[in-house]
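>>> need a 3D model of the sequence below.
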Amino acid sequence: KTFWFDVDPITFPQRDICSEGPRPTLKFLRLLYEASRSGRLDLSSTEYSLQTLHIPIERFSALTELDLSGNYFSELPDYLFGLTDLRELSLEDNKLDALPGLINRLEHLRMLDLRGNDIAVVPTEVGDLTELRRLLLDKNQLTVLPETIGNLLSLQELHVSENMISAVPRSIGQLSALQDLRLEYN
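Residues are numbered from 1 along each chain as shown. Below you'll find the predicted structure:
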């Protein structure tokens, strides 16, 4: 199927939404259109139950907020890490078991919400996100945090409750901006 988006035609590969009929398809396209204008894309509802996301990334290069919470993503598409203007990325309550090292490409990220997934390891590259202020990792499968977490000098909130962490890295002491550290139920 081909849909008109602004002036140029695009092929709409989100077949799982197309199969639901015209109303959900048009609603989804409206969300994409509004996001291309506002810089914010919110697909957090379970209305779509997305397992993957196919969007024309060139049209969303200026996206600053992306919320994919409450879906069924088991991995993140590589093109997501090309959204270098992202400031907020919410992936709460998905099926993620890993966070790719490519996360460091999102160098302007200020909030990263990964609560309620199955992530066992935070890659060392997360330490490259020097503008990060909120890192939410509650309810995962973490046993350790990388030493590079100490590089996040702008970090104000670090939530790692309900994991399996037995010790925190010494570098946490370098987080001079940290105001809220949550370690309960580890």
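
>>> can you pull out the helices in this protein?
Remark: helices assigned in the chain by DSSP state H are 15-18, 22-38.

>>> how about those helices, which one is nearest Asn117?
The stretch from the helices of the chain with the least distance to Asn117 (Cβ to Cβ) is helix 15-18; that distance is 20.8 Å. For every residue, glycine as well, the C-beta is placed using N, CA and C.

>>> what average pLDDT does the closest one get?
Across helix 15-18, the average pLDDT comes to 63.

>>> how about stretch 97-106?
The average pLDDT within stretch 97-106 is 96.

>>> identify the bridge partners of Glu157.
Partner residues in beta bridges with Glu157, using DSSP bridges, are Arg134, Asp180.

>>> list the contacts of it.
Neighbour list for Glu157: 133-136, 178-181 [criterion: Cβ atoms under 8 Å, 6 or more residues apart in numbering].

>>> Leu183 now?
When contacts are counted by Cβ under 8 Å, 6+ apart, Leu183 is found next to 160-161, 165, 168.

>>> most neighbours, which of these?
Neighbour counts for the contacts of Leu183 were taken using other Cβ atoms under 10 Å; the highest belongs to Val160, with 24 neighbours.

>>> would you point out the most distant pair within the contacts of Leu183?
Within the contacts of Leu183, two members stand farthest from each other by Cβ to Cβ: Ser161 and Val168, at 12.5 Å.

>>> mean pLDDT lowest where, among the helices of the chain?
Among the helices of the chain, helix 15-18 carries the lowest mean pLDDT, at a mean of 63.

>>> before we move on, back to that, make a markdown table out of the contacts of Leu183 and add pLDDT.
Converted to a markdown table, the contacts of Leu183 look like this (pLDDT from 0 to 100):
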| residue | pLDDT |
| --- | --- |
| Val160 | 98 |
| Ser161 | 98 |
| Ile165 | 97 |
| Val168 | 95 |
